[in-house]
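>>> Coordinates for the following, if possible.
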Amino acid sequence: MQRRRGASRILALSLSLCAVELFAWDDGFMTLTTPSRAESPLMFQLDFQHRFLQLFPLHGANALLGVGAVFFDTSRAQAYYQTKEEEFTGELSVWRAIGGLRAGVGVEMNAGSGIGAPAGVPAVSWAGTVFASAPLVSEVLTMAANLQYDTGYSNLNFGVGLGLGIPRLPFSLLLEGSGGFPADEAPVYFWSAGFLVKTAGHQFILYGGNGNDLRMRTLAGAGFGAKDELTFGFVIRRKLDVYFD
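Okay, here's the model as predicted:
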C-alpha cells in the first residue's frame, strides 16, 4: 500500500511538472526585468538567449544562460552567465500584485572579467532595479517598465516595453526601448522589436535591434552594445510548475 502511494505521488509530481497553462505566462521581453507569473508554489525557469554581434556580414555572437526559481508568485532567485563579458550574475527580486499591476524590486551582484569595459570598471558590482508590468488592455496590450541604478558603470538606466497580443492566440508583437545615462558621457539609447510565440511552458522570441547585449545593464553600460547597424537575436524560455499536496 505504501509503495502504491509513493508511486502515485511520484506520478502526480511528474504530471504536475508538465501541467502548465498555455496563456498563463506574462509576455516576456528581450532585455527588461519583469515578474514571472507562476501558477504553483514553486516554478523553475530556464533562459537561453543568443544575439549576433554583427549581422552583415554575420560574425560573432553573445549568449546568455540563466536559471531561476519563483516562490509563491511573489519572489524569484536567478543566476546568469553572459559570454560576451564573461560575467556571472546572481539576482534576488520580490513583487506584489496591486490589481492588474505587478510591481517589484530586484538586487543583483555581477562578477566577471569586464572584457571591453572602460578602465576603472570594477570586477564586482551591484545593481538595483525597480520594475513593473500591467495589462493595459486585457489579452491585447501589455506594458513593462524598468528603472535601474548600476554601480559598475555608475549608470542610471531605464527601459520601457509594449506587448501587442492577439486574443485567444499565443502570439505577441514586442517593442522595447531602453537607455543609460553614464556619469561622464552622453546618454545612449537602444531599441528592439520582436515576435513572441507562447506554447505550453515555453516562450520563443525572434527579434532585431540596434544593440548586441542581452541584459539592460550591459546593453546600456558605457555603450557596450552600441551599434548603428541592425543585429538579430532569439530567446528561449522554459518554465516548470511544481505542485504540492
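>>> And the pLDDT for Gly223?
Among the per-residue scores, Gly223 shows a pLDDT of 59.
>>> can you check His202 too?
Predicted confidence (pLDDT) for His202: 87.
>>> Can you mark which positions in the strand or helix carrying Leu46 are buried?
Secondary-structure assignment from DSSP states H and E places Leu46 in strand 42-54. Within strand 42-54, the residues that count as buried by 16 or more other C-beta atoms under 10 Å are 43, 45, 47, 49-52. (C-beta placed from N, C-alpha, C; glycine too.)
>>> what does stretch 199-217 give?
Within stretch 199-217, the residues that qualify as buried by neighbour count (16+ other C-beta under 10 Å) are 201-205, 207-209, 211-217.
>>> hey, where'd the strands end up in this protein?
With DSSP state E applied, the chain shows strands at 42-54, 59-71, 75-82, 87-98, 101-112, 124-137, 141-150, 155-165, 171-181, 188-199, 202-209, 231-242, listed in chain order.
>>> Would you reformat those as a markdown table and include distance to Pro35?
Rendered in a markdown table, the data for those read as follows (distance: least, C-beta to C-beta, whole Å):
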| stretch | distance to Pro35 |
| --- | --- |
| strand 42-54 | 11 |
| strand 59-71 | 9 |
| strand 75-82 | 8 |
| strand 87-98 | 5 |
| strand 101-112 | 4 |
| strand 124-137 | 6 |
| strand 141-150 | 9 |
| strand 155-165 | 13 |
| strand 171-181 | 16 |
| strand 188-199 | 16 |
| strand 202-209 | 14 |
| strand 231-242 | 13 |
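>>> re the thing from before, so in that sheet, which strands flank the strand holding Leu46, and in what orientation?
Pairing partners of strand 42-54, with direction, according to DSSP bridges: strand 59-71 (antiparallel), strand 231-242 (antiparallel).
>>> and of these, who's closest to Gly159?
Closest to Gly159 of the strands paired with strand 42-54 is strand 231-242 (C-beta to C-beta; 15.2 Å).
>>> mind exporting the closest one as PDB, just the C-alpha atoms?
Listed in PDB are the C-alpha atoms of strand 231-242, where the atom choice follows Å, rounded to 0.1, in the frame of the first residue of the first chain:
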ATOM      1  CA  THR A 231      21.500  42.900 -35.200                       C
ATOM      2  CA  PHE A 232      19.500  39.800 -34.700                       C
ATOM      3  CA  GLY A 233      18.800  37.500 -31.700                       C
ATOM      4  CA  PHE A 234      16.500  35.000 -30.200                       C
ATOM      5  CA  VAL A 235      15.200  33.900 -26.700                       C
ATOM      6  CA  ILE A 236      14.000  30.600 -25.500                       C
ATOM      7  CA  ARG A 237      12.400  30.300 -22.100                       C
ATOM      8  CA  ARG A 238      11.100  27.200 -20.300                       C
ATOM      9  CA  LYS A 239       9.000  27.000 -17.100                       C
ATOM     10  CA  LEU A 240       8.300  24.100 -14.900                       C
ATOM     11  CA  ASP A 241       5.500  24.400 -12.300                       C
ATOM     12  CA  VAL A 242       5.700  22.200  -9.300                       C
END
